[in-house]
Structures are given as structure tokens and as C-alpha cells.
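Enquirer: mind looking at a prediction? Sequence and model below.
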Amino acid sequence: MNLHLRIWRQENSRTPGQFMNYDLNGVSEDSSFLEMLDLLNQQLITEGKEPVAFDHDCREGICGTCSLMINGVAHGQDREKVKAVTACQLHM
């Protein structure tokens, strides 16, 4: 799969942020969202750019650390709102 990503980037809480656009090619449909972000970070590091920072821990949908806003929907530990789908359980 070839993906076009629009990701909010902000250096810290005191600086203004902005959306940045990224293209990522060759992503497997079996990849989780976090695995896709790992691929993007590998690409960014290879290009000498700052990787995308995101929290995660177990990557098994248990801890809820990988809470992300994806397409305007919050994914994470609030199991009532998203039917228990954490970002690590979301696949392409």
C-alpha cells in the first residue's frame, strides 16, 4: 500500500506546531498502525529528519499507552468510545 500521511508536528509545548505531509510506500496491509509509524520513522531517519514521536508500550492492546488521534477518532485506553480498539490493534 502507498499512504499519504498528515501528521501534527510540534517541537515542544512552547512552540507552535503544524501539520506535515509524508508519503510512505510499500506498507503491508497486515501492518498495524504503529508498525506503519515505525516504517515512517525509519524513512525519516534515513533522510536525516526528526522521527515522529509517539507513546507505546505493550503493542498488544492491553495497556492503552498508544493513544493516538487517527482520522479525527481517538484510539487508546477509553474503551467505551472506540469499542476497545487501541492504535496498536488498528491495522491497515
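Expert: Okay, I see it.
Enquirer: ramachandran angles for the closest residue to N2 other than its chain neighbours?
Expert: Leaving aside its sequence neighbours, N2 sits nearest to N25 (CB to CB, 6 or more residues apart in numbering; 4.7 Å). All C-beta spots, glycine's among them, are computed from the backbone N, C-alpha and C. As for N25, its main-chain torsions (degrees, to the nearest 10) stand at phi -110, psi 150.
Enquirer: counting by contacts, list what the helix or strand hosting L37 packs against.
Expert: Assessed by DSSP states H and E, L37 sits inside helix 33-46. Using 3 or more CB pairs under 8 Å, 6 or more residues apart in numbering; DSSP states H and E, the elements in contact with helix 33-46 are strand 18-24.
Enquirer: partner strands of the strand it packs on and their direction?
Expert: In the sheet, strand 18-24 lines up against strand 3-9 (antiparallel) (DSSP bridges).
Enquirer: and the strand it pairs with, how far from the chain's centre?
Expert: When distances are taken as CA atoms, centre = their mean, to the nearest Å, strand 3-9 is centred 9 Å away from the chain's centroid.
Enquirer: what's the angle between it and helix 33-46?
Expert: With axes from the mean of the first three to the mean of the last three CA atoms, to 10 degrees defining the directions, strand 3-9 sits at 80 degrees from helix 33-46.
Enquirer: list the contacts of strand 3-9.
Expert: With contact meaning CB atoms under 8 Å, 6 or more residues apart in numbering, strand 3-9 is reached by 17-25, 27, 36, 40, 52, 92.
Enquirer: try 7 Å
Expert: With CB atoms under 7 Å, 6 or more residues apart in numbering as the contact definition, strand 3-9 has outside contacts at 17-24, 27, 40, 52.
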